[in-house]
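Student: next one to model:
(chains A and B)
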Amino acid sequence: MKKLINSPDDVVKEELEGIAAAHGDRVRVSFDPAYIVRVDAPVSGQVGIISGGGSGHEPMHGGFVGRGMLDAACPGEVFTSPTPDQMEAATKAVDGGAGVLHIVKNYTGDVMNFEMAAEIASGGGTETAAVVIDDDVAVKDSLYTAGRRGVGGTVLAEKICGAAAAQGKSLAEVTELCQRVNGQVRSMGMALTPCITPGAGTPSFELGDDEMEIGIGIHGEPGRERLPLEPAARIVERLTTPIVEDLPFSEGDKVLAFVNGMGGTPLIELYIVYNELNKLLQGRGITIDRNLIGNYITSLEMAGCSITLLKLDDELTALWDAPVDTIALRWS
Amino acid sequence: MPSSISYDQVMAWIHRFADVTIEQREELTRLDTAIGDADHGTNMARGMRAAVERVDALEGDDIGAALKAVGMALVSKVGGAAGPLYGTLFLQMGNATGGRSELDLAGWSDALDAGLKGVVARGKAEPEDKTMVDALTPAVQALERAQNDGADLSAALAQSAEAAHEGMEKTVPLVARKGRASYLGERSAGHQDPGATSSYLLLQAAVDSFG
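Tutor: The predicted structure follows:
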């Protein structure tokens, strides 16, 4: 293992110290229990939005804390969901009297810990709601799996719901909006290399120099199938076709296309992927109306990418365009 | 032949399980690397370290209070799926033994049964989903059988650990239907479940501490 760390046990704590040192103008960091909260929280009368998950996916979620997106984020250990006491403390810290929405990625641990946090928080008098994001078409949604994973769609849901909360929408309205986003977003990812968690010290799986893993998750868990490496055009087709056919996206649809890097893939390659995606969607009569390209939901140093498509309407487009001011995503 | 489990023995069991998770940390993580996310050993070791600190600070001889302290430590320190699941196991065992300073075989069996029911309610796993339930369920059944057969405490504990071991081994060919391993579908077969493994270690630690 070759990493820029001091000790595997201190990775998350020292990362948080770095964030606190660098971004004190935007966020405050609580260390015990660990959460990152926007510097002006709670915003009185506004729905609070929190998310959380294992660390190792930076900038998600801490990088999305700030005006117009998340009010707080709870980082767990690397690839390990955070604990209920973190979520409960974050819930309290962002409770401006209008209730708090928990945006949860569909992983067994995340869901159970957020459930326990909501049980505790409701005992404390804060109204909470939760939406579980499950946009990964690589996983069969059936009785025989834990259900589809929450991946790239989470970033888009957090941005859109944060904008709605900033406009003064109620908890019920923001919750319904989040469910609507989840209903019309689909994703799929792939890896060229595995990643190494600092705690384990060895790769989560082996991939030959000429192999790729299609349908990868964001925790170094193996994907749907292993195939010989192919040109970008063919890989984009392998990811996009299941996405388009699942919703389905149809001719005339306007979409937000999100090409996400897994952490170890340079932007030069992500733009090649975007170019192929644009051509492929054009061929199907689907228009990319908005886009996001870069490393936003990563898997440590894994090389690879994911593609996310969100079907847009005027309301979602306006909320996407609304001002946002976070560490990783900002526009006015 | 001992016929009951004292508060001190419960404390010894908690310490023993902590030692074992720390000793087996790499092996549990290795199993989790194959079909999960490579953190089960690290997480259980971190959680049990915190649990030992909390129970060592307790005074008195309330077994229920000690087990609840372990549960709370695991819930607040582990995260992942193992935190809520092992946390709930210990919390429910604590609820079943509140105010008791000694447990007989029936008391231990009822406590473990309450813990298992809590795990099932939280994680919604069924037998053969390839989870910790596959080690705990036969262990509880073995304790009940042993009671009906009039077995003594040591024999009953040994039988429950043996049943858990067998349940753990039987997870190898199973296709996972819960947790991250379920994303692998058929590719999860051929690997032993890490959660069932740590559950077996928990029951073997009871044999070592109560026998």
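Student: low-confidence ranges in the chain?
Tutor: As the question left the chain open, I've gone with chain A. Within chain A, the segments meeting pLDDT under 70 span A:141-143.
Student: that's the other chain; I wanted chain B
Tutor: Judged by pLDDT under 70, the stretches of chain B that qualify are B:1.
Student: where do the strands of the stretch 201-332 of chain A begin and end?
Tutor: All strands of the stretch 201-332 of chain A, identified by DSSP state E, counting those that start in this stretch, fall at A:211-214, A:225-228, A:254-261, A:287-294, A:304-311, A:324-326, A:330-331.
Student: ditto for chain B
Tutor: Secondary structure of chain B, counting by DSSP state E: strands at B:4-6, B:102-104.
Student: quick one: which of the ones you listed is nearest chain A?
Tutor: Of all these, strand B:102-104 sits nearest to chain A, with 26.8 Å by CB to the nearest CB. Every C-beta, even on glycine, is put in place using the N, C-alpha and C of the backbone.
Student: list the helices and strands the closest one packs on?
Tutor: When contacts are defined as 3 or more CB pairs under 8 Å, 6 or more residues apart in numbering or on different chains; DSSP states H and E, strand B:102-104 sits against strand B:4-6.
Student: and the strand it packs on, which strands flank it?
Tutor: Here strand B:4-6 is paired, per DSSP bridges, with strand B:102-104 (antiparallel).
Student: what does the stretch 51-200 of chain A put close to chain B?
Tutor: Residues of the stretch 51-200 of chain A lying close to chain B by CB under 8 Å from any CB of the partner chain are A:54, A:76-85, A:107-109, A:112-113, A:115-116, A:138-140, A:143-146, A:149, A:197, A:199-200.
Student: at 7 Å what do you get?
Tutor: Residues of the stretch 51-200 of chain A that fall close to chain B, judged by CB under 7 Å from any CB of the partner chain: A:76-77, A:79-85, A:107-109, A:112-113, A:116, A:139, A:144-146, A:149, A:197, A:199-200.
Student: now a ChimeraX select for only the buried ones of those.
Tutor: Selecting only the buried entries of these in ChimeraX, with 16 or more other CB atoms under 10 Å in any protein chain shown as the criterion:
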select /A:76,77,79,80,81,82,83,84,85,107,108,109,112,113,116,139,145,146,149,197,199,200
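Student: now intersect the residues of the stretch 51-200 of chain A next to chain B with the helices, please.
Tutor: Judged by DSSP state H, helices contain the following of these: A:84-85, A:108-109, A:112-113, A:116.
Student: the residues you listed into TSV, with extra columns for distance to B:Asp110?
Tutor: TSV is the format used below for these (distance: CB to CB, whole Å):
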residue	distance to B:Asp110
A:Pro84	27
A:Asp85	29
A:Thr108	28
A:Gly109	28
A:Met112	25
A:Asn113	28
A:Met116	24
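Student: identify the farthest-apart pair in these.
Tutor: A:Asp85 and A:Thr108 (18.9 Å; CB to CB).
Student: one step back: mean neighbour count for the strands of chain B - can I get that in a markdown table?
Tutor: Converted to a markdown table, the strands of chain B look like this (neighbours: other CB atoms under 10 Å in any protein chain shown):
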| stretch | mean neighbour count |
| --- | --- |
| strand B:4-6 | 18 |
| strand B:102-104 | 17 |
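Student: among those strands, which is nearest A:Glu173?
Tutor: Closest to A:Glu173 of the strands of chain B is strand B:102-104 (CB to CB; 52.0 Å).
Student: may I see the buried residues of stretch A:42-51?
Tutor: A:42-43, A:46-51.
Student: quick one, what contacts the closest residue to A:Asn260 other than its chain neighbours?
Tutor: Residue nearest to A:Asn260 in three dimensions, not counting chain neighbours: A:Ser306, with 4.7 Å by CB to CB, 6 or more residues apart in numbering or on different chains. Residues in contact with A:Ser306 (CB atoms under 7 Å, 6 or more residues apart in numbering or on different chains) are A:151-152, A:187-189, A:260.
Student: so which of these sit within strands?
Tutor: Mapping the contacts of A:Ser306 onto strands (DSSP E) picks out A:187-189, A:260.
Student: farthest-separated two in the residues you listed?
Tutor: Maximum distance among the ones in strands among the contacts of A:Ser306 (CB to CB): 10.8 Å, for A:Met188 and A:Asn260.
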